[in-house]
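K.L.:
Pasted the sequence and its predicted model underneath.
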Amino acid sequence: MMVLRRLLRKRWVLGVVFGLSLIYFLTSTLKQEERTIRDRTLLEVRDPDHRIPWKVRFNLGNSSRQITQCRNSIQGKTLLTDELGYVCERKDLLVNGCCNINAPSTRQYICKSCLANGCCSIYEYCVSCCLQPDKQPLLERFLNRAAEGFQNLFTAVEDHFELCLAKCRTSSQSVQHENTYRNPQAKYCYGESPPELLPV
């Protein structure tokens, strides 16, 4: 123990410890910077004509092609939307992540609670409504006119389902003065325009 104390009192030992710490810090910082530059470059070099693969509608009951796994909206306390556009209660979610299409409350492409402008009061209905095949031209127009700031976000989207998940989340377009919703009853929007501003 005494030898260790004497060793630590020597300036060259402290210099070596400091030097190694400094080298570790600098390499960690450079690696983080390289990752940031690589991610930024990936977004910038991405093909501007990047096309989103749109989901084709098929009914599991009439299809010989069985889907083995589904992605779903995950976050809903009582409702979920799967990537096929079905909305179901959490209790009706199958182990593969898909909604049980035989459950009485499960519906596909449901726009319940959605207004004509594409704003909905329930997130899961927004995603399901957005997944309707006839919404594809609307979403393509949005992607083509997306502001530069949004473009980086939406170019990371790989398919129709991911686009609807991202589009329906509340955004700065849903709020005014950064702290109140423009329309608290319809704050989840897949449409082109923000929610209508309700009078105070």
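P.N.:
Alright, I've got the coordinates.

K.L.:
going forward, measure contacts and count neighbours with C-alpha atoms only.
P.N.:
Noted.

K.L.:
what about the residue most central in space within the chain, which SS state?
P.N.:
Nearest to the mean C-alpha position of the chain, counting by CA atoms, centre = their mean, stands A166 at 4.3 Å. Following DSSP: H, G, I helix; E, B strand; the rest coil, the label given to A166 is helix.

K.L.:
Next one: I37, what pLDDT does it get?
P.N.:
Looking at I37, its pLDDT reads 62.

K.L.:
The one 3 residues further on now?
P.N.:
As summarised for this prediction, R40 has a pLDDT of 53.

K.L.:
ok, C70 to T81 distance?
P.N.:
10 Å (CA to CA, to the nearest Å).

K.L.:
Do a quick rundown of the strands in this structure.
P.N.:
According to DSSP state E, the chain carries its strands in the segments 79-81, 86-89, 107-108, 119-120, 175-176, 180-181, 188-189.

K.L.:
Those: lowest mean pLDDT?
P.N.:
When I compare those, strand 175-176 is least confident, with a mean of 72.

K.L.:
Mind listing the strands that one pairs with, and their directions?
P.N.:
According to DSSP bridges, strand 175-176 has the following sheet partners: strand 180-181 (antiparallel).

K.L.:
how many other residues sit next to V3?
P.N.:
Neighbour count for V3, taken as other CA atoms under 10 Å: 7.

K.L.:
ok, now how distant is it from K10?
P.N.:
Following CA to CA, the distance that separates V3 from K10 is 11 Å.

K.L.:
just Y123 next, same as before
P.N.:
Y123 is 64 Å from K10, by CA to CA.

K.L.:
And those two? Which one has more around it.
P.N.:
Between Y123 and K10, counting by other CA under 10 Å, Y123 is the more crowded of the two (26 against 10).
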